[in-house]
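Novice: Need coordinates for the following:
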Amino acid sequence: QVQLVESGGGLVQAGGSLRLSCVASGKSFSLNAMGWYRQAPGEQRELVATITSAGSTNYADSVKGRFTISRDNAKNTVYLQMNRLKPEDTAVYYCNVQGQWLPGSSFPAGKRFQSWGQGTQVTVSS
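Specialist: Residues are numbered from 1 along each chain as shown. Below is the predicted model of the structure:
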């Protein structure tokens, strides 16, 4: 399986910034889309931003102009730079990756997979 390790969450005042990172590790895989989702208490998980392997990005309207998603393909890492944070950005943020297995893995080459991180808490105080 592909393991995802997230970091960078924490407590910040409104107007501040945080940078989330998510590193994917495993054996013999390639990554296609990578993204960030979030879930606030009592709410459904929602998309924050995604980025394709070619670098095309997509953002939720609520974060456009404030958040920037990027990736380092050599490091199998996706980032989320969050600026001008608001209290309503408070949530657990989850990393998501989609990819496929390559020859040499324990799975059939070409088989697709999707993995989720364990989540990292972001709290924005007013």
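Novice: What strands flank the host helix or strand of residue 98, and is each parallel or antiparallel?
Specialist: Assessed by DSSP states H and E, residue 98 sits inside strand 91-101. According to DSSP bridges, strand 91-101 forms sheet pairs with strand 29-39 (antiparallel), strand 112-116 (antiparallel), strand 120-125 (antiparallel).
Novice: so where is the chain shaky, pLDDT-wise?
Specialist: Scanning the chain for pLDDT under 70 picks out no residues.
Novice: which residues in this protein form strands?
Specialist: Counting by DSSP state E, the chain has these strands, from start to end: 3-7, 10-13, 18-25, 29-39, 46-51, 57-59, 67-72, 77-82, 91-101, 112-116, 120-125.
Novice: would TSV of the ones you listed with mean neighbour count be doable?
Specialist: To be clear about C-beta, it is placed using only N, CA and C from the backbone, and glycine gets the same treatment. Below are the strands of the chain laid out as TSV (neighbours: other CB atoms under 10 Å):
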stretch	mean neighbour count
strand 3-7	16
strand 10-13	13
strand 18-25	18
strand 29-39	20
strand 46-51	19
strand 57-59	15
strand 67-72	18
strand 77-82	22
strand 91-101	21
strand 112-116	13
strand 120-125	17
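Novice: now the nearest residue to residue 18 once chain neighbours are set aside: how far from residue 107?
Specialist: Counting by CB to CB, 6 or more residues apart in numbering, residue 82 is the residue found nearest to residue 18 once chain neighbours are left out, at 5.0 Å. Counting by CB to CB, to the nearest Å, the gap from residue 82 to residue 107 is 34 Å.
Novice: again with residue 18
Specialist: From residue 18 to residue 107 the distance is 34 Å (CB to CB).
Novice: This completes my enquiry, with thanks.
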